[in-house]
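Engineer: just to be clear, the model below is a prediction. Sequence and coordinates:
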Amino acid sequence: AEEKAAKKAEKEAEKLEAEEAAARDGAALSIQRAAREKGAKKELASRKEAKAEAHRRAEQERVEQEESGAAVAIQKVTRKSQAKKQVAAKRQERQEQIEAEAAAAAAAAKAEA
């Protein structure tokens, strides 16, 4: 009877040890799972931040291109305006030259007459 009780106590102790080991393993698994979830959350946050940064860069590049395009358009208008002014100045200069030549020709004709 004593042996039977000792064996029963030994089995009970083994069972408790197995339960404790299972509990320790379960706790270790929960810790691992929590660590994986934390890592996954960090990875997700990192990806979101990278995506947001890429979006900000693309927007900034678009704005810079628009500003650059506007600058080019302003340069074109300025060049056109300057070209028009140069053409008008040449036209005026030519007109004055023609008038001066006509006046000289009239003076020469008057002097001959």
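Structural biologist: Received, thanks.
Engineer: give me the element the residue nearest to the spatial centre of the chain is part of.
Structural biologist: Closest residue to the average C-alpha location of the chain: Arg57 at 1.2 Å, with C-alpha atoms, centre = their mean. Using DSSP states H and E, Arg57 sits in helix 2-112.
Engineer: quick one: average pLDDT of that helix?
Structural biologist: What helix 2-112 shows for mean pLDDT is 91.
Engineer: that one: how far from the chain's middle?
Structural biologist: 0 Å (C-alpha atoms, centre = their mean, to the nearest Å).
Engineer: tell me what it is packed against?
Structural biologist: Packed against helix 2-112 by the contact rule (3 or more C-beta pairs under 8 Å, 6 or more residues apart in numbering; DSSP states H and E) you find no helix or strand. Heads up, the C-betas are built off the backbone N, CA and C, glycines and all.
Engineer: what's near enough to touch Glu49?
Structural biologist: Applying C-beta atoms under 8 Å, 6 or more residues apart in numbering, we find Glu49 in contact with no residue.
Engineer: what's the spacing between Ser68 and Lys42?
Structural biologist: 38 Å (C-beta to C-beta, to the nearest Å).
Engineer: how many residues are close by Ala50?
Structural biologist: 10 (other C-beta atoms under 10 Å).
Engineer: please shift the residue numbers so they start at 33 in all later answers.
Structural biologist: New numbering, starting at 33: the last item is Ala82.
Engineer: circling back: the residue nearest to the centre of the chain and Lys36, how far apart?
Structural biologist: Taking C-beta to C-beta, one finds Arg89 at 78 Å from Lys36.
Engineer: thank you kindly, that will do.
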